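[1] With the sequence up front, the predicted model follows.
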Amino acid sequence: MPPLPLTGERTLPDVPEENYWYRRHLVVYEWIAARVGGLRVVDMACGEGYGSNVLAVSAASTVGVDANPEAHEHARLRYTRPNLRFERDLVGGFSEPCDAVVFLQTIEHVQDAGAILEHFKSMLDPGGVAYVSTPNLLTLAPEGAEKSDNPWHVHEYRAEEFRALCEAHFPRVEVRGLFHARKLRAHELAIRLGWDTVHKRLGLTKPFYDRFTPAIAASDFALRDAGLDRALDFIAVCHTA
């Protein structure tokens with residue numbers, strides 16, 4: 001299968017230095033997979049395809065949609081299940097009736113987020129749900145900045161702004177936050193106590209992180225519905241009824 005390059009925006013599995021971001025995304029896919037058993041799912045902007053494959057473990061059917069030709073071909077060749085297929089199309093162009101739409105870490109790239117949410121709603125059968133995630137501006141960007149330096153992001157959201165966006169298009173919305181847990185929480189506390197200074201002074205930076213980063217697991221993140229201003233990412237569960 002054709003390899004995919006690290007672009008700084010697309011998340012890839014099986015790359016040790018990318019493992020933090022891969023696990024940060026994977027835990028959300030796994031959380032959604034536990035909620036879409038037996039349903040028809042469309043995974044929009046699926047990228048490399050690993051998330052669509054996770055969803056297909058429990059879903060009745062899964063369609064991974066991505067406009068990038070290299071990502072589409074890679075996903076099609078790598079992930080083969082009877083209930084999984086990949087379509088090359090734009091997020092706003094693909095339409096197929098379904099029970100759940102998944103759109104993770106992409107709405108911040110979109111010029112007209114409201115139009116995309118309306119499109120998802122039009123695809124969903126009665127009782128359907130859209131799962132939408134995005135980074136938290138307050139923990140992604142420098143303090144006081146209106147945006148991070150990520151060149152691919154059009155707009156980054158605070159918790160209440162993201163909730164308001166989703167509620168403008170869906171009658172019922174739940175928003176949860178993704179947080180560090182277990183060893184990532186311990187690492188976060190260590191940094192507050194000066195760990196960054198210590199590892200640099202002792203020359204431990206590379207040997208430590210060469211071991212620490214590949215060892216990060218999905219269980220080193222947790223989803224909660226409180227303290228959203230401190231969350232890494234937001235996950236909106238948007239119900240059609």
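    Good, I have the coordinates.

[2] Residue 1 and residue 49: what is the separation?
    Distance check for residue 1 against residue 49: by Cβ to Cβ, to the nearest Å, it reads 10 Å. Using the backbone N, CA and C atoms, a C-beta is placed for each residue, glycine as well.

[3] Settle it for me: which of the two has more neighbours?
    Between residue 1 and residue 49, counted using other Cβ atoms under 10 Å, residue 49 has the larger neighbour count: 24 against 10.

[4] what's near enough to touch the more buried one?
    Going by Cβ atoms under 8 Å, 6 or more residues apart in numbering, residue 49 touches 64, 66, 71, 74, 75, 76, 78, 79, 86.

[5] Now restrict those to buried residues only.
    Buried subset of the contacts of residue 49 (neighbour count, 16 or more other Cβ atoms under 10 Å): 64, 66, 71, 74, 75, 76, 78, 79, 86.

[6] Show me where this structure has its helices.
    For the chain, the helices defined by DSSP state H cover 19-33, 50-56, 69-78, 113-123, 137-140, 159-167, 182-192, 195-202, 205-212.

[7] Dump the contacts of residue 49 into a markdown table; add pLDDT and distance to residue 97 as well.
    Listed next are the contacts of residue 49 as a markdown table, based on pLDDT from 0 to 100; distance: Cβ to Cβ, whole Å:
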| residue | pLDDT | distance to residue 97 |
| --- | --- | --- |
| 64 | 98 | 17 |
| 66 | 97 | 20 |
| 71 | 94 | 24 |
| 74 | 95 | 27 |
| 75 | 96 | 22 |
| 76 | 96 | 22 |
| 78 | 96 | 27 |
| 79 | 97 | 23 |
| 86 | 98 | 18 |
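
[8] show me where pLDDT drops low in the chain?
    Scanning the chain for pLDDT under 70 picks out 2.

[9] and residue 81, what is it in contact with?
    Contacts of residue 81 by Cβ under 8 Å, 6+ apart are 53, 56, 62.

[10] Quick check: the second one vs residue 6, distance?
    Right, the one you point to is residue 56. 25 Å.

[11] Looking at the two, which is more packed in?
    residue 56 (24 against 12).

[12] so that one touches residue 62, yeah?
    Yes: judged on Cβ atoms under 8 Å, residue 56 makes contact with residue 62 at a distance of 4.1 Å.
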